[in-house]
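Participant: what follows is a predicted structure for the sequence shown.
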Amino acid sequence: MNNATVGPMATATEQAQGWLNEAERVTVLTGAGISTSSGIPDFRGPQGVWTKDPSAQQLFTLQNYMADAEVRERAWGDRRDNAGWTAQPTAGHRALVDLERSGRLRALVTQNIDGLHQAAGNAPESVLEVHGSQWTVVCTSCDDRTPTPEVLKRVDAGEADPACLSCGGILKTATIMFGQALDEQVMDAAIDAARDCDVFLAVGTSLQVYPVAGLVDLAQGAGAQLVVVNAEPTPYDRDAHAVFRDRIDEVLPSLVSAAG
């Protein structure tokens, strides 16, 4: 594996543009960094939610959430005030729509729950939401599902910890919390996409959360070119063929437009 290319911007860009131009199948993995320009804070960055308030992680831990009504009440308050409800796709999101329209996108694997890839125009069947979606609420007892805005109306009306209207069970968004298993079908599809690509493009992700970060290993093992676009260093930078620290909203449009 070649060492990462973090040198003159033009050189690294030209190389990555060439790989994308020659690729027949590009698998993309996105993380919170692609949505920060939309006004949605990331988790582990310098201004991340957990960096500023480490206690916020308990809101994302299933055991704590299920056992403590106060945690759930705080979680519902945070959901209600989430910037994701009004966020709009960025130039980075739109560049991945262009990549799909070029016929090169094998799959778009995302750790994000905000739905901005679909809002930008990526086909829902192309987007693999490995950490679920904030736009649906699920009952942890009967699996009844409800659009999240409907439940948030109940929170606004004074229900700090709304219960399932069907069975009285505990509600949560259809997102994957710490201590909760990933959806096997979604993860299997992501694994297949990582093993079946010419270029693996990791965008706005710290590549620290497994098993999703392990998709990089699978792609590399299959001989794919690895391109990392992230503001902060990742554990895979040394093995990447190209690494970009520049703004995602600038890098992705440049890479994709040159690749046709």
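Facilitator: On my side now, so go ahead.
Participant: hey, which helix or strand in the protein has the poorest pLDDT?
Facilitator: Using mean pLDDT, DSSP states H and E, the weakest-scoring helix or strand in the chain turns out to be helix 49-52, at a mean of 54.
Participant: which SSE is immediately downstream of it?
Facilitator: Once the chain leaves helix 49-52, the next helix or strand it forms, by DSSP states H and E, is helix 62-67.
Participant: and that next one, which residues are buried?
Facilitator: Within helix 62-67, the residues scored as buried using 16 or more other C-beta atoms under 10 Å are 64-65. (Glycine included, C-beta is placed from N, CA and C.)
Participant: with stretch 202-209 instead?
Facilitator: Result for stretch 202-209 [16+ other C-beta under 10 Å]: buried residues 202-207, 209.
Participant: what is the neighbour count of E14?
Facilitator: Counted with other C-beta atoms under 10 Å, residues neighbouring E14 total 12.
Participant: before we move on, the earlier item: could you work out the most separated pair of the buried residues of stretch 202-209?
Facilitator: V203 and V209 (14.6 Å; C-beta to C-beta).
Participant: who touches D161 in this structure?
Facilitator: 69, 72-73, 76 (C-beta atoms under 8 Å, 6 or more residues apart in numbering).
Participant: reformat the residues you listed as JSON lines; add distance to H117, pLDDT and neighbour count.
Facilitator: Formatted as JSON lines, the contacts of D161 follow (distance: C-beta to C-beta, whole Å; pLDDT from 0 to 100; neighbours: other C-beta atoms under 10 Å):
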{"residue": "A69", "distance to H117": "34", "pLDDT": "95", "neighbour count": "12"}
{"residue": "R72", "distance to H117": "28", "pLDDT": "95", "neighbour count": "21"}
{"residue": "E73", "distance to H117": "30", "pLDDT": "95", "neighbour count": "15"}
{"residue": "W76", "distance to H117": "25", "pLDDT": "94", "neighbour count": "22"}
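Participant: report the two of the residues you listed separated the most.
Facilitator: Checked with C-beta to C-beta, the contacts of D161 reach their widest spread between A69 and W76, with 10.4 Å between them.
Participant: give the buried residues for stretch 233-250.
Facilitator: 234, 236-237, 239-244, 247-249.
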